[in-house]
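**Student:** Any chance you can model this:
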Amino acid sequence: MMNAAVKGKYEYDSDKMATSAISTIAIPAGDLKLRASMSDATFTKPSSFSGLSLSLEKPGSFILNYDVPKQDFRFQFMNSIRVLEKQLNLTYSHNRADNRTVLDGTLVVDSCNKVSANHVMGSNNGKFKYTYVHQGHTTFEPSYDLGMNSWDFALSRRVYGNDLLKASYQTSNHKLALEWSKNSKRMGCLKMSALFNLADEVKMPKLMAETTWNIDL
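**Tutor:** Below you'll find the model as predicted:
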């Protein structure tokens, strides 16, 4: 059975408004999935294939993505191993155009605690993150960015079953983000957020509303 997803986004930032739409079609082929993603620019400028990407995916194993207008390949491989009876999830990603390789690892200590590390090969850029889930509803995530030499913090809580409230703060640029999201089988996914630049007391926050519908064809 094919699956289609349509995402609409509205952004407001300092008297500037922008809208966009992205549609994705997934076609199962045994253990594999073929995906085609198109933005509104794909239809307004069809000769340039703007916003069109194609991918081949085996869930939990690999993703091969091709950006048609940029003629750029992205490879992503995933694997899980056991270390001291704990699950370690590994991800290897490579972008051909900018020759950028990223390694990600997440050690699942238990159902409440995870430790993650991210490193860009050939650079000093990397990030460490600790995730703690309290009573299955509240999640606290402090992280340290090696390249920026700064801390980030995120706190989220699930309320009313399918609603998620999240706040995050980046100490490097003094940006505070507030987000509310809701998942519903009948209404799809709805997300609303506000981004505050605390270093600029005058500037209005950047506002965003996003909705996604999933359709089985």
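
**Student:** Lowest mean pLDDT among the helices and strands of the chain, which one is it?
**Tutor:** Every helix and strand in the chain was compared by mean pLDDT, DSSP states H and E; the lowest is helix 40-44, with a mean of 64.

**Student:** Where does the prediction get shaky in this protein?
**Tutor:** Along the chain, the parts satisfying pLDDT under 70 run over 1, 15, 40-49, 202, 217.

**Student:** can you rerun that using 50?
**Tutor:** Counting by pLDDT under 50, the chain contains no low-confidence range.

**Student:** and the host helix or strand of Ser116, what does it pack onto?
**Tutor:** Assessed by DSSP states H and E, Ser116 sits inside strand 113-120. Counting contacts by 3 or more Cβ pairs under 8 Å, 6 or more residues apart in numbering; DSSP states H and E, strand 113-120 is packed against strand 100-108, strand 126-134. From N, CA and C alone the C-beta is placed, and that goes for glycine too.

**Student:** Could you check that strand and say which residues are buried?
**Tutor:** Within strand 113-120, the residues scored as buried using 16 or more other Cβ atoms under 10 Å are Lys114, Ser116, Asn118, His119, Val120.

**Student:** In CSV, list those along with distance to Asp98.
**Tutor:** Below are those laid out as CSV (distance: Cβ to Cβ, whole Å):
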residue, distance to Asp98
Lys114, 29
Ser116, 23
Asn118, 17
His119, 16
Val120, 11
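
**Student:** if we can go back for a sec, determine which of the helices and strands packed on strand 113-120 approaches Leu64 most closely.
**Tutor:** Among the helices and strands packed on strand 113-120, strand 100-108 comes nearest to Leu64, with 15.2 Å by Cβ to Cβ.

**Student:** May I have the beta-bridge partners of Leu103?
**Tutor:** Note on Leu103: beta-bridge partners Tyr92, His119, judged by DSSP bridges.

**Student:** That one and Asp200, how far apart?
**Tutor:** Here Leu103 is placed at a distance of 35 Å from Asp200 (Cβ to Cβ, to the nearest Å).

**Student:** Verify the stated contact: Lys182 with Met192.
**Tutor:** No - using Cβ atoms under 8 Å, Lys182 is not in contact with Met192; the gap is 9.1 Å.

**Student:** Please list all residues in contact with Val101.
**Tutor:** Rather than Val, residue 101 is Thr. Neighbour list for Thr101: Tyr92, Ser93, His94, Asn95, Val120, Met121, Gly122 [criterion: Cβ atoms under 8 Å, 6 or more residues apart in numbering].

**Student:** and the second one, how many neighbours does it have?
**Tutor:** This points to Ser93. Ser93: 18 surrounding residues under other Cβ atoms under 10 Å.

**Student:** do Tyr144 as well
**Tutor:** 15.

**Student:** Hmm, it is touching Phe128, no?
**Tutor:** Yes - between Tyr144 and Phe128 a contact is recorded at 5.0 Å, counting by Cβ under 8 Å.
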